[in-house]
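Q: Predicted model and sequence below, questions to follow.
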Amino acid sequence: MTSAPTASVSPSAPATSAYPPEHATRLQALLRLSHDLGVESRGLAMLGEGNTSMRGATPETFWVKASGSCLATLRESDVVECRTDRVLALFDGTPRTDAEVDTALLDARVDPAARKPSVEALFHAYLLSLPGIDYVGHTHPIGVNQILCSPRAADYAEKRLFPDDIVCCGVASVLVPYTDPGVVLAKAIRDNTEAFIRRHQRQPRVILLENHGIITLGSSAGAVLAAMLMAEKSAQIFVGAAALGGPIFLTPENVERIAGRPDEHYRQRALNL
């Protein structure tokens, strides 16, 4: 039985926040999610690895982790508010140098004095534009990357091992071949995600990046955390089962049955997934 994730909104905003109380309170959910993903013992992100994001106060902006900051110790000053349209403009067909991308990301900041956004702000901006997606997390988990750096990545993405894998991570995951981080990766994530939506008639909860890491997305910080933790658990089971001659996957009929069960839908609502 899946327990409720630990990520949650703080009851009140810090008195020292630079934002109005309603915005500062929401930002605490992003900081809490970041800290949960950055717990060193979980092996999801070390040092400056990974990033997180959240829809802004309006559709015109979003918040994203600053480049070089650490998830485990993320502070409000390490989160940058960006203008969504300026970041999404980088998806057009105009080739850009790394320096031009950096300049464009700096220009996208709402506060010119804020820190530089992560270069992966590009795919965060796209994913946060999907209906119902309010939070995004990206990490480099040890267990998941054991598979994503192996020939078995497609099996892990396309198949499921146990019911809670389906409840938290969906019927399948998007798999993106290794791509250079930045604009090219953001476009590959967009293209593979849109192909997934056409094929499965639903949005993904998990996006896997070969030889890189994992992205989880959802309507709440708890949903992002739950998918991340369950994907890492599934990866560890996959690797262990492979060492014992497996893994043995659920059949497509099993997967659809779990995905459609009313009691599992109830659990998803109860867990805010």
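A: Nice, I can see it.

Q: which stretches of the stretch 151-273 of the chain form strands?
A: In the stretch 151-273 of the chain, strands defined by DSSP state E, counting those that start in this stretch lie at 174-176, 206-209, 213-218, listed in chain order.

Q: Can you tell me which of these is nearest to Asp134?
A: strand 213-218 (7.4 Å; CB to CB). For every residue, glycine as well, the C-beta is placed using N, CA and C.

Q: how far out from the middle of the chain is the closest one?
A: For strand 213-218, the gap between its own C-alpha mean and the chain's C-alpha mean amounts to 3 Å (CA atoms, centre = their mean, to the nearest Å).

Q: Strand partners (parallel or antiparallel) of that strand?
A: Strand 213-218 has the following strand partners under DSSP bridges: strand 135-139 (antiparallel), strand 206-209 (antiparallel).

Q: still on that earlier bit, how about the strands of the stretch 151-273 of the chain in CSV, adding distance to Leu88, mean pLDDT and mean neighbour count?
A: Output for the strands of the stretch 151-273 of the chain, formatted as CSV (distance: least, CB to CB, whole Å; pLDDT from 0 to 100; neighbours: other CB atoms under 10 Å):
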stretch, distance to Leu88, mean pLDDT, mean neighbour count
strand 174-176, 18, 98, 22
strand 206-209, 18, 98, 24
strand 213-218, 16, 98, 25
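
Q: Name the stretch from those strands that approaches Thr61 most closely.
A: Using CB to CB, the nearest of the strands of the stretch 151-273 of the chain to Thr61 is strand 213-218, at 17.8 Å.

Q: export the strands of the stretch 151-273 of the chain to TSV and tack on distance to Ala57?
A: Written out in TSV, the entries for the strands of the stretch 151-273 of the chain read as follows (distance: least, CB to CB, whole Å):
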stretch	distance to Ala57
strand 174-176	28
strand 206-209	26
strand 213-218	19
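
Q: nearest to Gly218, of the strands paired with strand 213-218?
A: Between Gly218 and the strands paired with strand 213-218, the shortest gap by CB to CB is with strand 135-139, which sits at 6.0 Å.

Q: Specify which residues of this protein, grouped into ranges, have pLDDT under the cut-off.
A: Judged against pLDDT under 70, the low-scoring parts of the chain cover residues 1-22, 263-273.

Q: All the helices of it, in order from the start?
A: Ranges of helices within the chain are 21-37, 84-88, 98-107, 121-128, 142-148, 153-158, 163-169, 183-200, 221-243, 252-260, 262-270, based on DSSP state H.

Q: The third one: which residues count as buried?
A: Taking 16 or more other CB atoms under 10 Å as the basis for neighbour counts, the residues of helix 98-107 that come out buried are Val101, Asp102, Ala104, Leu105.

Q: got the angle for it vs helix 121-128?
A: For helix 98-107 against helix 121-128, the angle between stretch directions is 50 degrees (axes from the mean of the first three to the mean of the last three CA atoms, to 10 degrees).

Q: relative to helix 183-200, how tilted is helix 98-107?
A: Angle of helix 98-107 versus helix 183-200, following the same axes, to 10 degrees, is 70 degrees.

Q: who touches helix 98-107?
A: Counting contacts by CB atoms under 8 Å, 6 or more residues apart in numbering, the residues outside helix 98-107 that touch it are Cys82, Arg86, Val87, Ala89, Leu90, Arg96, Lys116, Pro117, Val119, Ala121, Gly182, Val183.

Q: In this structure the fifth one contacts Leu122, no?
A: Right, the one you point to is Leu90. Yes - between Leu90 and Leu122 a contact is recorded at 5.8 Å, counting by CB atoms under 8 Å.

Q: any shared contact partners between those two?
A: Jointly contacting Leu90 and Leu122 under the rule CB under 8 Å, 6+ apart are Val183, Ala186.

Q: So for those two, which residue has more residues nearby?
A: Comparing Leu90 with Leu122 by neighbour count (other CB atoms under 10 Å), the higher total belongs to Leu122, at 28 against 21.

Q: And the strands of the stretch 151-273 of the chain: which comes nearest Pro59?
A: Nearest to Pro59, of all the strands of the stretch 151-273 of the chain, is strand 213-218, at 16.8 Å by CB to CB.

Q: Alpha carbons of that closest one, as CSV, please.
A: These are the backbone C-alpha positions of strand 213-218, laid out as CSV (Å, rounded to 0.1, in the frame of the first residue of the first chain):
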residue,chain,number,x,y,z
GLY,A,213,18.2,10.7,-15.5
ILE,A,214,14.5,11.0,-14.9
ILE,A,215,11.7,13.7,-14.9
THR,A,216,8.5,13.3,-13.0
LEU,A,217,5.5,15.7,-13.4
GLY,A,218,2.1,16.2,-11.8
